[in-house]
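J.: Kindly return the folded structure for what I paste below:
(one chain, ligands or ions: 2)
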Amino acid sequence: MPMLADPSAKYVHYSAVPFPSGYVRQWPNKRTTSAPRWLSTDLRDGNQALVNPMSNTAKLELFKVLLQIGFKEIEVAYPSASELEYQFVRSLIENNEVPDGVALQIITPARPDLIKKSIASLAGAQHAIIHLYNAVSPVFREVVFRNTKEQTIDLTVNAVRLVKELTEAETARSGTAFTLNYCFETFSQTEPEFAVELGNRVLEAWGKATPSNKIIFNLAATVECAPSNHYADLVEYFGTHINQRESVVLSIHPHNDRGTAVGATELGLLAGGDRVEGCLLGNGERTGNVDLITLALNLYSQGVSPHLNFSDLSEIVAVVCRVNEMAVPTRYPYAGSLVFSAFAGTHQDAIKKGLDAQEKRWLAVDSSGEGNKSWAMPYLPIDPKDLGYSYDNLIRVSSQSGKAGTAYVIKQSLQLEMPRRMQVSFYGTIQALAETRGVEMTVPVIVDAFKETHNIGRTTRGRLHLESFRLFPGTPDAHSPPMDSYTDDMRTFAGGSSDDGAVTPLHFKGRFSVDGTVRLIEGSGATPVLAIIDALRSSLALPNLVAGEFAAHTVAPSKTCSYVEMHLASTGSAPSKSGVGSVWGVGISSDVTTSKCRAVVSAVNTLVGSKELPAAKRALYRRPPMLSLFGRERSLESVKLRAGHAPVTPKGTEQRVLEASS
Ligand SMILES: CC(=O)SCCNC(=O)CCNC(=O)[C@H](O)C(C)(C)COP(=O)(O)OP(=O)(O)OC[C@H]1O[C@@H](n2cnc3c(N)ncnc32)[C@H](O)[C@@H]1OP(=O)(O)O
Ligand SMILES: CC(C)C(=O)C(=O)O
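T.: Numbering: from 1, shown residues only. Ligands and ions are numbered 1, 2, ... in the order given. All right, here's what the predicted structure looks like:
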């Protein structure tokens, strides 16, 4: 049957909670400032929902993980369900698997035979919690139990009395301390007044709840059927109407049928909840129990310690998924593999700026001792490092990414901080690659592209290779050393040169390998960059070689990375503002001037074409005349303009270089 035009004929709206008129709800104005008591029911409610319930070996492994996380109350079994379940409880106790300060909880329905077996399973435990349950909402009373309200109260009270009698006998025998956790199964669908009446009858029957030995009332949202604010109202109503509130722990047990279990729990805590029952990663019946990891880390992100440790979250996730034979969606809060990754360009830009700004701010706090190292990061509510993740996956590059993303990857991988115009240029290369390939641009792909594009590395150093050089003040004269005295260490004679402003004219003499032939080349200029450019212009017949923007920074340990923008201008003009038509060179050396010269050579190699690239890569980075994209032909020029790629090498340039070098 299709969906109904008028679903109200079939589905009934939830009822308002009967607060007295004029009552002002407390929970909307509250704030959670401390962690609740946590009860993990992974080994019970989680386990009962599995396609293949865990073996006892798997349960023990998960039990140990729960202890490591820091749970002090763990529901370990439904002992009356099977011998296996019963034996699991026994083995924990008999093998001393339960540390001091940790309480074992087991669950039992309100059936005398099953209560007896359940309590027997706990003999000898230090501290045990008996979780006694029966469903109390109208549909369960009428359909499942065929009971009136009074019969429901009788069933419950009789069960509580039996639990009291049996646990007292066990305490007398073995000293086990027992707590009663009475669960109003289907509480959130039960009339609030009836839940309170039943709660008061349970208090009476138990008869020994005190502020120092409280009874636990589990206010279960067995099935989540209404918005979270309704659940909060129910909890606040119960908490403000139940007798002996100071001797009662309100336990929240939400399920996630509407997808809002976390919200319901958070509001339930504001409304008076003291304890939360749930499972890791929200395992559990149907859409699951509330996820304790999300709840704990939501608290943590508000500066409230959950007293649960998820410092190695991926390891915990791996164990839970293995023993439960389940998978975590990639977008799952905190635990999903893509949660701490940004693909979108503007997100990447903001995160990159955020990380840079925060690093500076934290360093200032370290050095001044003033201020605080609070987390203020665009798009990241929590520091992934706190959960054991690195920043390696923070920024992942696809065709949806921008320049900041690729720049971040290069900075993280190579410690190189490209100047802004270069970021734009290199982003064009990556964007074109991403569009062509239609897949994620992984870190190795980006780093490889960076090296290929800038002729860095042995296989991609290009047709022109600077083997050694000397740079000295003034024009060539008798003081300049003979070329054959050059060594490979590229020391410069003249220090203090800068490419930011004019200094004493410099003369450059360099030994190059040009297409495999050694060439000695010289030229002059006001700065090292201008001097080497002059040498290349005159000796290699590149008269229109022009430098644009220049930048440099130090790279650990004590190296300099220089960047220079260059192009071949017919008029000798500077590169255009947009950067179209220019290329960037990169040079790294422990000597500042050498890094500049290498940057120039790197750029020139791009301009003249890299014969040493394997054919496939040459096709990738230096586009063939016609390139098929998205199934239609586009001209080389349009591809390069769109990609901000290296300009077309002017016709004949390669030939002229060869001529000049021969
Ligand atoms: C919301 C929750 O998660 S509650 C926990 C649910 N977990 C489980 O059920 C897992 C373990 N359960 C089991 O292994 C079995 O159900 C057992 C061993 C407990 C009982 O098995 P059976 O005796 O075959 O009963 P069955 O499973 O059919 O349960 C239905 C019977 O229990 C009664 N019942 C259901 N819940 C309760 C309860 N909380 N208290 C008392 N009786 C109950 C039903 O009314 C029904 O009784 P009826 O047969 O007289 O009509
Ligand atoms: C029986 C209780 C604890 C339960 O699991 C539920 O109501 O979901």
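J.: Whatever helix or strand F217 lives in - contacts with which helices or strands?
T.: Here F217 sits within strand 215-221, counting by DSSP states H and E. If contacts are counted by 3 or more Cβ pairs under 8 Å, 6 or more residues apart in numbering; DSSP states H and E, strand 215-221 sits against strand 127-135, strand 177-185, helix 192-206, helix 228-241, strand 248-254, helix 261-270. Every C-beta, even on glycine, is put in place using the N, C-alpha and C of the backbone.
J.: Is the last one positioned near ligand 2?
T.: No. Under the criterion of Cβ under 6 Å from any ligand atom, ligand 2 is not reached by helix 261-270; the shortest gap measures 10.8 Å.
J.: got it, and the first one?
T.: Yes. Counting by Cβ under 6 Å from any ligand atom, contacts between strand 127-135 and ligand 2 involve Y133.
J.: partners of that strand in the sheet?
T.: If you go by DSSP bridges, strand 127-135 pairs up with strand 103-109 (parallel), strand 177-185 (parallel).
J.: The very next helix or strand once past that strand: how far from the chain's middle?
T.: Next in sequence after strand 127-135, counting helices and strands by DSSP H and E, comes helix 138-139. Distance of helix 138-139 from the chain centroid (Cα atoms, centre = their mean, to the nearest Å) equals 44 Å.
J.: pLDDT of helix 138-139, averaged?
T.: For helix 138-139, mean pLDDT rounds to 98.
J.: Give me the residues contacting it.
T.: Contacting residues not belonging to helix 138-139 are listed as T186, Q189, T190, E191 [Cβ atoms under 8 Å, 6 or more residues apart in numbering].
J.: Compile those into CSV and extend it with columns for neighbour count.
T.: Below are the contacts of helix 138-139 laid out as CSV (neighbours: other Cβ atoms under 10 Å):
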residue, neighbour count
T186, 23
Q189, 22
T190, 26
E191, 15
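J.: Which one of those is nearest to ligand 1?
T.: Nearest to ligand 1, judged by Cβ to the nearest ligand atom, of those is T186 at 8.0 Å.
J.: so which of the strands paired with strand 127-135 comes closest to K353?
T.: K353 lies closest to strand 103-109 among those, at 48.1 Å (Cβ to Cβ).
J.: Is the closest one in proximity to ligand 1?
T.: Yes. If you take Cβ under 6 Å from any ligand atom as the test, strand 103-109 does meet ligand 1, through P109.
J.: Now do that strand: everything it contacts.
T.: By Cβ under 8 Å, 6+ apart, strand 103-109 touches 39, 41, 44, 72-80, 89, 92-93, 98, 114-115, 117-119, 121-122, 125-134, 163, 179, 181, 183.
J.: got the contact list for the strand holding F217?
T.: Strand 215-221 is contacted from outside by 129, 131, 133, 179-188, 195, 199, 202-203, 206, 209, 231, 234-235, 238, 242, 247-255, 261, 264, 268, 273, 275, 277, using Cβ under 8 Å, 6+ apart.
J.: From V601, how far off is the closest residue to V235 other than its chain neighbours?
T.: Sequence neighbours aside, A271 is the residue nearest to V235 in space, at 4.0 Å (criterion: Cβ to Cβ, 6 or more residues apart in numbering). With distances taken as Cβ to Cβ, to the nearest Å, A271 is found 70 Å from V601.
J.: quick one, which of the two is more surrounded?
T.: Neighbour totals were compared for A271 and V601, and A271 leads with 26 against 23 (other Cβ atoms under 10 Å).
J.: can you pull out the strands in the stretch 451-600 of the chain?
T.: Assigned by DSSP state E, counting those that start in this stretch, the stretch 451-600 of the chain shows strands spanning 464-473, 506-514, 517-525, 545-555, 559-568, 583-589.
J.: quick one: which of the ones you listed is nearest E224?
T.: Among the strands of the stretch 451-600 of the chain, the nearest to E224 by Cβ to Cβ is strand 545-555 (54.7 Å).
J.: sec struct for M54, please.
T.: Classification of M54 by DSSP: H, G, I helix; E, B strand; the rest coil places it in coil.
J.: coming back round to it: ok, and of the contacts of strand 215-221, which contact ligand 1?
T.: Residues of the contacts of strand 215-221 in contact with ligand 1 (Cβ under 6 Å from any ligand atom): Y133, E185.
J.: can you give me how far stretch 183-198 is from the chain middle?
T.: 40 Å.
J.: That one: end-to-end distance?
T.: The straight-line separation of the ends of stretch 183-198 (Cα to Cα, to the nearest Å) is 11 Å.
J.: what's the answer for stretch 335-344, then?
T.: Taking Cα to Cα, stretch 335-344 runs 20 Å from one end to the other.
J.: For V89, see how far away E170 is.
T.: Applying Cβ to Cβ, the value for E170 to V89 is 13 Å.
J.: re the thing from before, now the helices and strands packed on strand 215-221 in TSV, with mean neighbour count, mean pLDDT and distance to T517?
T.: Compiled in TSV, the helices and strands packed on strand 215-221 are given as follows (neighbours: other Cβ atoms under 10 Å; pLDDT from 0 to 100; distance: least, Cβ to Cβ, whole Å):
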stretch	mean neighbour count	mean pLDDT	distance to T517
strand 127-135	22	98	85
strand 177-185	21	98	87
helix 192-206	18	98	93
helix 228-241	22	98	77
strand 248-254	26	99	77
helix 261-270	25	98	70
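J.: can you pull the contacts of the most centrally placed residue in the chain?
T.: Most central in the chain under Cα atoms, centre = their mean is F340, positioned 2.1 Å from the mean C-alpha point. Residues near F340 by Cβ under 8 Å, 6+ apart: L380, P384, Y389, N393, L394.
J.: Quick check: the farthest pair among those residues?
T.: Greatest spatial distance among the contacts of F340 (Cβ to Cβ): L380 and N393, at 12.0 Å.
J.: Show me which of these two is the more surrounded one.
T.: Legend: neighbour count by other Cβ under 10 Å for L380 and N393, higher for L380 (20 against 15).
J.: Could you give the backbone dihedrals for that one?
T.: phi -120, psi 100 (degrees, to the nearest 10).
J.: Touching, it and A350? I think so.
T.: No. Between L380 and A350 there is no contact under Cβ atoms under 8 Å: 9.6 Å.
J.: pretty sure V397 is touching L433, no?
T.: No. Using Cβ under 8 Å, V397 is not in contact with L433, being 9.5 Å away.
J.: quick one: common contacting residues for the two?
T.: With Cβ under 8 Å, 6+ apart, V397 and L433 have common neighbours M441.
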